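**Q** Got a predicted structure plus its sequence, pasted below:
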Amino acid sequence: MKKQKAIITGGTGMIGIALIRCLLTNDIDVTVIVNPNSNRQSVLNQFNTIKIVQKDISHLKELGDVLPHDYTYFFHLAWMGTFGDSRNDMYLQTKNIEYTLDAVNLAKALGCEVFLGTGSQAEYGPVKEKMSAETPTNPVTGYGIAKLCANRMSRIYAQSLGLRHIWVRVLSVFGPYDGQGTMVMSGLKNMLAGHEGKYTKGEQMWDYLYCEDAAQALYKAAKKGKDGKIYPLGSGEVKPLKEYIEIMRDNVDPNLSLDFGSVPYYPNQVMYMCADIEDLKKDTGFEPEHTFDEGIKKTIQWIKEGD
């Protein structure tokens, strides 16, 4: 039996790094397509056996004749314009749809059996129930609209090419290599510096998943997921944001004071977010292995070791 090979875009992000580690642990050869201008390329230095290809996702079309044609899995995690005002840069977001289709085409050219794309809870828009594949989609940002379009168009295109298509809608994931501006990472670093945290009232009902579990989910979905399926990804459990923040504080310094209510909610603040992961469990055998507390302990250790 030939050794399996995977190709990843977006491999320098938190989930991408965890996915690389997961695939290597499962004895899968990994190729990572990296933006030549990325300031995060150094995070890949920890992996001695991966192949790195310097190519922006706008140039994926150029790789079909460059790379071997014996890959099994294609994981498309890369996306431009994921934060701030860029989420409503409609021209940029439209480009992402095209690049997703380019990724599908490349997956076919490289001999892949499955194309897995990562979507977002932004495809749903505001909801007040667990998010499942059947939950109505009403995205309210260019980012969410583009993710939804990329999902549907890439599925049709992949199936026309004979590729199994999986779409994983990622909710809130945390852990090592998370962005510095996220609630978990910025909150932990402030706490470790001894600063009093200022937060909203923390009434938002939230679902957090540790990055190693997210990576396992992507791998299992690619391996065993059903063609054409959409899998929301989270822990499947929900609790008030305030409780998560208190768990973070208790792991750093139980005596540290927290100022809840000093920060106003955003306009159109999302107040409920939880993934229905029953289909993912049933189809792939996925089970989250880390509690939030366990994931926070690992993240704190990583921060203390110097990021």
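**A** Cool, the structure landed. Numbering: from 1, shown residues only.

**Q** Please, where are all the strands along the stretch 151-300 of the chain?
**A** Taking DSSP state E, counting those that start in this stretch as the criterion, the stretch 151-300 of the chain contains strands spanning 164-170, 172-174, 197-199, 205-206, 208-210, 230-233, 239-240, 258-260.

**Q** need the strands for the stretch 1-150 of the chain, in chain order.
**A** 5-9, 29-34, 51-54, 73-76, 114-120.

**Q** Which residues outside the third one are in contact with it?
**A** With C-beta atoms under 8 Å, 6 or more residues apart in numbering as the contact definition, strand 51-54 has outside contacts at 29-34, 36, 41, 44, 63, 66-67. Using the backbone N, CA and C atoms, a C-beta is placed for each residue, glycine as well.

**Q** Name the strands paired with that strand and say parallel or antiparallel.
**A** Note on strand 51-54: by DSSP bridges, its sheet partners are strand 29-34 (parallel).

**Q** Quick one: mean pLDDT for the strand it pairs with?
**A** For strand 29-34, mean pLDDT is 98.

**Q** that older thread, redo the contacts of strand 51-54 as JSON lines? Include neighbour count.
**A** JSON lines is the format used below for those (neighbours: other C-beta atoms under 10 Å):
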{"residue": "D29", "neighbour count": "18"}
{"residue": "V30", "neighbour count": "22"}
{"residue": "T31", "neighbour count": "19"}
{"residue": "V32", "neighbour count": "24"}
{"residue": "I33", "neighbour count": "25"}
{"residue": "V34", "neighbour count": "22"}
{"residue": "P36", "neighbour count": "10"}
{"residue": "Q41", "neighbour count": "16"}
{"residue": "L44", "neighbour count": "17"}
{"residue": "L63", "neighbour count": "18"}
{"residue": "V66", "neighbour count": "10"}
{"residue": "L67", "neighbour count": "19"}
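
**Q** would you list the residues you listed in JSON lines and tack on distance to K51?
**A** Below are the contacts of strand 51-54 laid out as JSON lines (distance: C-beta to C-beta, whole Å):
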{"residue": "D29", "distance to K51": "8"}
{"residue": "V30", "distance to K51": "7"}
{"residue": "T31", "distance to K51": "4"}
{"residue": "V32", "distance to K51": "7"}
{"residue": "I33", "distance to K51": "10"}
{"residue": "V34", "distance to K51": "11"}
{"residue": "P36", "distance to K51": "15"}
{"residue": "Q41", "distance to K51": "14"}
{"residue": "L44", "distance to K51": "10"}
{"residue": "L63", "distance to K51": "12"}
{"residue": "V66", "distance to K51": "12"}
{"residue": "L67", "distance to K51": "9"}
